[in-house]
Structures are given as C-alpha cells and as structure tokens.
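> Okay, predicted coordinates and the sequence, questions at the end:
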Amino acid sequence: MKIEELLPSIEVEKIYNESPGLEISGIAYHSEKVEEGDLFVCVKGYKTDGHKYLGQAIANGAVAAVVEEVQEEFSIPQIVVPNARIALATLACEYYGNPSLKLDMIGITASNGKTTTSFMTNAILEEEGYKTGLIGTVAVRMGDVSIPSVLTTPESLDLQYYLSEMVKRDITHVCMEVSSNAMEAHRVEGVDYDIIAFNNVTREHIDFHGTYENYLEVKSSIVRNASAKSFVVLNMDDPFVASLANQTEATVVTYGVENHHADLICKDLDLSTGRAKYTVEVRKPLKRFPFKIEPCEFRIELSVPGLHSVYNSMSALTIGLLSGVSIPAIQRALKKFRGVERRFEFIYEDDEFIIIDDHFANAGNINVTLKTLKFMDFKNLRLVYAIRGSRGKTVNRENAEAIAEWSKKLGVTEIIATKSVSHVTEKDWVTDEEEAVFLEVLGNAGINVLLYDELEDAIRKAIELVNPGDLILLGGAQGMDYGAEIALEIVKELKPDIPDDVLFAPLVDRVAGVTNRHRRAYV
C-alpha cells in the first residue's frame, strides 16, 4: 500500500522528508515488532515514549514514521500529527479495510460484569447458530481459535487486525468488552458499533482517569457518541446509566430488575437456591431491522449463582433479542451457561473444603463476591488476595476498605495477601505505595495480614490452615491468574489418589493462568 493511500485518513500537520510513492508493507507501534517496510507510529505511552525507539524501529526496517515531534537525526519520512494514538487507530482502520463495518459489532461496558455479559451474549448468539467472535479480558476468540488477552480491549492496531481476521473467517457477530482505559487511550477509535450495552458504574480506575468525574465522562462517551443507526441497552437500576437514556442519538432499550418502568423487566425472581429463576416481561415492541419482538413474557433459569448474574443475563438476553435470537434459544443458552473462568468459579469441592477462584478487580467486584458468600454455608473463610499492582493508591485503598468491611460481616480476622512477584509483568507490579496503603487500611480495621511476595507461598499457607468445612477464596485480578493451577497442584500433593482428569478439569478450557505443561496434558 502506498503511503498516500493511508495519509488522507489522519490529521497531518506537516511531513518531514516527504517521499511520494513510498510503499508501506505494514504498521507497527512496538519497535521490536517492526518488520521491513513498516510504518512506525511513535505512541506516547504512560510509562515510556515511542519517539525514544524510532532509531531501533528504523534499524528493524521501518521506512517511515508517524510522530508528534520530528526527530531530526533520522532521515526517513516523518508524518507529524497532533495525537499519535488517534492516528494509530485511524491508520489501523484504513489499513485493514474498516472491518467493523462488515461485522455485527456489540460493545459491552461496565465497571463490573463486562466479561460475564460478553460470554453470556456470545453463548446466546452461538445457540442461534451465528458464527461469533469474542474480545475481552480473558481471551480473543475467533471461531475455534483462542488467544490469551493482554488488555481488556486490545491496542487499536491489534484490535483492527483481529476484526479483519474475523471477517476472513466469515464471523458475523462480535462481542467486545470496552474498557474506560481503552476509550481514553483511543484504542476503539473508528469502531462501528451496532449494539452497545452499559450495565453499571462504580468507582474504579480513578488514578488512571484523575477523578471519578473524568472516569464517568470517559465511560459514558461510548453511549453519548453512539450513532443514530445503533442501539444502546441500559440498566435502569443504575442511576448514572439510566441518566444516559436522553444523551444519545441511538435507539435506547432499557431493562430493570428493581425498576419496573423499563422496557424489559425481571419479575417473580427466585434466588432461594442461589441460582436465579425469573420471568422476563417485554413491555413494548422492540424493532431492529429485520427483527421485531412483540410484548411477551418468558421464563429464565440460570446455572450461574448470584444476583449479579441476573443483571448480566438481562443485558445479554436483551442484546440477543435485538440480534434476532429466538426466545427458546436464549432460554437454552442461559440454562447451559456455566460461567467464565475466574468469575466466582468453583475449582475444588469435596467434603473437607471448597476453593473458589474470583477476579477481585475493584471494590464493586469484591462487594458482589463477598455478598454472595454471605448466603453460603461454610465454617471459616480463608481469603488469599493478590494486591492490585500498578493501579494506584486509590484503587488499592478502596479494595482494602471493601475487604475490611466484609471481613467483619463474615467473621474474618486474618487474611493472606500476595504481591505475586513471579507471576505478573511490569504493568502489574505492586508498588511500595500500593502495598503500604493496603496494609494501612487492613491494620486500622484490626485485621491481621500475612503478606507473601510469591503467589505459591500465599496459597500454600491457606491450604495449610484450612479445616474441614472451610472455604478458600482466591481473590485478585492479574496477580491471581495462576492461582487455580497452583492450588490444584498443592491439592494433588496432599491427595495423590485423585485422578488428574478430575482434579484439573477446571483448567481444561482456561485461556489465562495455565502453564504449558497443563495445556499439553489437559487442554
């Protein structure tokens, strides 16, 4: 592709060392991934600046660069733009032929429940027979291919590549988690959404966005900027989310569990077993060409526990209806849906103790998970928590406060914490400030913390302390990804007679947090 074919898609301030007719064979934003003939985009990151690596990119074969500041020591063409991140996203869309225009794009955002809602929606679409793609925290799935995720929403160039591959594989519908970080970093710039779901909002990513108000502004932009041809699905039980109904050109469809003035409502809710049964009432006709749903009622039974699953399923089934999925297919899909890895996942159960693995990303996640434990029958809770690394003091203070509050309600006086030093990359390292604020909050609450550098040491301690009837909760985001595998390996040491295919069954379909030996043996 000639460079002139790409440049009209971006805002160019000037071109240094212009070279008309230059052939571009690819685009890169990481200097080590540059190949011969690539256009290198110098993105200013949060920890480093791509301009520093232009020399390395040229050495690896870059023939031109997109920059915010000219690097005069290099003679290759440099295209100066006001924002290299926006330029990267726009160039990626153009280079890969704007693949989102050829797909039914479903963007799902929330502080809590993005992943589960995406997987639920994907299950509903697959039950109808659609060929689907999935992009999110756990993995990027393109039909039968799964790739472990690095970011909840991939960098723009990677995202457009994945979407283009999905088009090539004849995928028709894509469910994508859309994080506030991705919106602020312009990773989803140029994505054409057909349906957008906004489930809820709680305080998170405050250090990244500066203030809670900025976070709300960024988070809601996906709804406020939605096109008139798209549909927006909103949770009317969340006051902030509900307030967006009049702030978009898109067609708005609402749902509610407590709010019975929504377009779709949940009624006759039965949570007596922990797994919900309820009736959905569609209160007005829903029209999305060529689909139309008349007012009706139908029953839903969930196999995943908790009130939060009711909200996730209401969002997912609304998307399903707007996508032309039949009510029987929705009912079958939600009945069969067994949950998502690391989302309140039972990884070990016997007469002696239970181990649950959960993605404790923020205070909202922690509240939902520990509230569910309140309804369960067990003797003592052994909480192993992976401190949230490189997310700032605010997030870690709020997480610690949530743990402290629920520890009192659940009778917990001691928790085990870990920095997961050997199991996280630099972007998830726990800083001294984050460790200090976490310990300060728990200490002030009178809760003893056993802190370990290594994840394995922390989990081994919990299993050493466990008594019959106890429950071990492995809680944490990236720092706990490998917790399930480590815990099951320790259980294997204690109970060698358990067949491997039984004990390690929870690892079979895992994408993240499984080593190669387990992939070979069990995947």
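That came through fine.

> Could you pull up phi and psi at D377?
phi -100, psi 110 (degrees, to the nearest 10).

> pull the longest helix from this structure.
helix 393-410 (DSSP state H).

> residues making contact with that one?
203-207, 360, 362-363, 366-367, 370-371, 373-374, 381, 383, 385, 387-388, 412-413, 415, 433-434, 437-438, 440-442, 444-445, 447 (C-beta atoms under 8 Å, 6 or more residues apart in numbering). All C-beta atoms are positioned from the backbone trio N, CA, C, and that covers glycine.

> Please narrow the residues you listed to those residing in strands.
Members of the contacts of helix 393-410 lying in strands (criterion: DSSP state E): 381, 383, 385, 415.

> Tell me who's in contact with the first one.
With contacts defined as C-beta under 8 Å, 6+ apart, L381 is in contact with 373, 410-412, 470-471, 473.

> Name the nearest of those residues relative to A28.
L473 (41.6 Å; C-beta to C-beta).

> what's the neighbour count on the closest one?
25 (other C-beta atoms under 10 Å).

> Likewise for L451?
16.

> bridging residues for it?
L451 has the following beta-bridge partners by DSSP bridges: A417.

> Now do the helix or strand containing I222: which elements does it pack against?
Assigned by DSSP states H and E, I222 falls within helix 212-224. Applying 3 or more C-beta pairs under 8 Å, 6 or more residues apart in numbering; DSSP states H and E, we find helix 212-224 packed against strand 104-109, helix 180-184, strand 195-198, helix 206-209.

> What's the biggest strand in this protein, counting residues?
Assignment by DSSP E gives strand 296-305 as the longest strand of the chain.

> Next, the angle strand 104-109 makes with the next helix-or-strand element following that strand.
Going down the chain from strand 296-305, the next helix or strand is helix 307-322, by DSSP H and E. Following axes from the mean of the first three to the mean of the last three C-alpha atoms, to 10 degrees, one obtains 160 degrees for the angle between helix 307-322 and strand 104-109.

> Direction included, what does the next helix or strand after the helix holding I222 pair up with?
Using DSSP H and E, the helix or strand that follows helix 212-224 towards the C-terminus is strand 231-235. When pairing is defined by DSSP bridges, strand 231-235 lines up against strand 195-198 (parallel), strand 251-256 (parallel).

> still on that earlier bit, can you tell me which of the ones in strands among the contacts of helix 393-410 lies closest to E155?
Y385 (29.2 Å).

> Surely the closest one touches T418?
Yes - counting by C-beta atoms under 8 Å, T418 is a contact partner of Y385 at 7.4 Å.

> and for these two, which residues touch both?
Listed as contacting both Y385 and T418 by C-beta under 8 Å, 6+ apart are G476.

> hang on, the earlier thing: just the buried ones among the contacts of L381, please.
Buried by 16 or more other C-beta atoms under 10 Å: 373, 410, 412, 470-471, 473, out of these.

> wait, which of those residues is closest to I3?
Taking the buried ones among the contacts of L381 together and measuring to I3 by C-beta to C-beta, the closest member is L473, at 54.1 Å.

> Looking at the backbone only, give me phi and psi for that closest one.
The phi/psi pair for L473 (degrees, to the nearest 10) is phi -110, psi 120.

> Identify the bridge partners of it.
Counting by DSSP bridges, the residues bridging with L473 are I356, L383.

> Distance of it relative to N380?
11 Å (C-beta to C-beta, to the nearest Å).

> so what's the residue nearest the centre of the chain up against?
Taking C-alpha atoms, centre = their mean, the centroid of the chain lies closest to T137, which sits 3.4 Å from it. Shown in contact with T137 (C-beta under 8 Å, 6+ apart): 114-115, 149, 152, 177, 359.

> you'd agree I15 is up against I79?
Yes - counting by C-beta under 8 Å, I15 does reach I79; the two are 5.4 Å apart.

> neighbour count winner among the two?
The residue with more neighbours, out of I15 and I79, is I79; 25 against 16, by other C-beta under 10 Å.

> From the contacts of helix 393-410, list the buried ones, please.
Buried among the contacts of helix 393-410 by 16+ other C-beta under 10 Å: 204-206, 360, 362-363, 366-367, 370, 373, 381, 383, 385, 387-388, 412, 415, 434, 437-438, 441-442, 447.

> average pLDDT for the helix holding I222?
The average of the pLDDT scores along helix 212-224 is 92.

> buried stuff in that helix?
215-216, 218-220, 222-223.

> Determine the angle, from 0 to 180 degrees, between that helix and strand 104-109.
160 degrees.

> Send over helix 212-224 as PDB, restricted to the C-alpha atoms.
Extracted C-alpha coordinates of helix 212-224, given in PDB (Å, rounded to 0.1, in the frame of the first residue of the first chain):
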ATOM      1  CA  TYR A 212     -14.300  10.000  39.400                       C
ATOM      2  CA  GLU A 213     -15.900  12.700  37.300                       C
ATOM      3  CA  ASN A 214     -13.400  12.200  34.500                       C
ATOM      4  CA  TYR A 215     -14.000   8.400  34.700                       C
ATOM      5  CA  LEU A 216     -17.700   8.900  34.300                       C
ATOM      6  CA  GLU A 217     -17.200  11.300  31.400                       C
ATOM      7  CA  VAL A 218     -14.900   8.800  29.600                       C
ATOM      8  CA  LYS A 219     -17.000   5.700  30.400                       C
ATOM      9  CA  SER A 220     -20.300   7.300  29.200                       C
ATOM     10  CA  SER A 221     -18.700   8.600  25.900                       C
ATOM     11  CA  ILE A 222     -19.500   5.300  24.200                       C
ATOM     12  CA  VAL A 223     -23.200   5.900  24.700                       C
ATOM     13  CA  ARG A 224     -23.100   9.700  24.100                       C
END
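
> Kindly indicate whether E281 is helix, strand or coil.
When classified by DSSP: H, G, I helix; E, B strand; the rest coil, E281 comes out as strand.

> which residues does it contact?
Counting by C-beta under 8 Å, 6+ apart, E281 touches 264-265, 267, 295-297.
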